[in-house]
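Colleague: got a sequence here, can you model it:
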Amino acid sequence: MGTFKGKRIIPKHDGVWNQKKEYEELTIVLDAESGDGYISRKPVPAGTVLTDTDYWSLCSHFNAQMHRLETDVAEDVEGMHT
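Modeller: Residues are numbered from 1 along each chain as shown. Below you'll find the model as predicted:
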């Protein structure tokens with residue numbers, strides 16, 4: 001489980017998701033195929049897929065982040081040219 005720090009809980013980061021592994025509650029994993037990050041809602045048994053919303057919640061959407069980065073860079077480049 002995550003670490004308690006004062007009145008906050010800091011989730012545990014556990015690298016790339018492995019379907020054969022069990023995960024504690026409040027563990028963040030990376031889906032290597034999509035680049036998305038997921039956080040466990042409760043203890044996750046081995047064999048549980050990331051799309052099982054009883055156990056996992058999407059916490060960072062890689063494609064949305066890349067779109068935002070591309071938009072910001074394009075605006076900056078356009079600003080430099082004007």
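Colleague: give me the three-state assignment for Gly35.
Modeller: Per DSSP: H, G, I helix; E, B strand; the rest coil, the local secondary structure of Gly35 is coil.
Colleague: tell me who's in contact with it.
Modeller: Residues counted as contacts of Gly35 (Cβ atoms under 8 Å, 6 or more residues apart in numbering) are 62-63. Backbone N, C-alpha and C define where each C-beta goes, glycine included.
Colleague: any idea how far it is from Thr82?
Modeller: 33 Å (Cβ to Cβ, to the nearest Å).
Colleague: could you do Asn18 as well?
Modeller: Counting by Cβ to Cβ, the gap from Asn18 to Thr82 is 48 Å.
Colleague: and those two? which has more neighbours close in?
Modeller: Set Asn18 next to Thr82 and count neighbours by other Cβ atoms under 10 Å: Asn18 wins out with 12 against 4.
Colleague: check what pLDDT Met66 gets.
Modeller: For Met66, the pLDDT comes out at 69.
Colleague: list the contacts for the residue nearest the centre of the chain?
Modeller: The centroid of the chain falls nearest to Gly37 when counting by Cα atoms, centre = their mean (1.7 Å). Going by Cβ under 8 Å, 6+ apart, Gly37 touches 28-31, 58-60, 62.
Colleague: repeat that with 6 Å
Modeller: Residues in contact with Gly37 (Cβ atoms under 6 Å, 6 or more residues apart in numbering) are 28, 30, 59-60.
Colleague: quick check: the farthest pair among the residues you listed?
Modeller: Leu30 and Cys59 (10.4 Å; Cβ to Cβ).
Colleague: what pairs with the residue nearest to the centre of the chain across the strands?
Modeller: Counting by DSSP bridges, Gly37 is bridged to Leu30, Ser60.
Colleague: measure it to Gly79 for me?
Modeller: As judged by Cβ to Cβ, Gly37 and Gly79 stand 31 Å apart.
Colleague: ok, Ser40 next?
Modeller: Applying Cβ to Cβ, the value for Ser40 to Gly79 is 41 Å.
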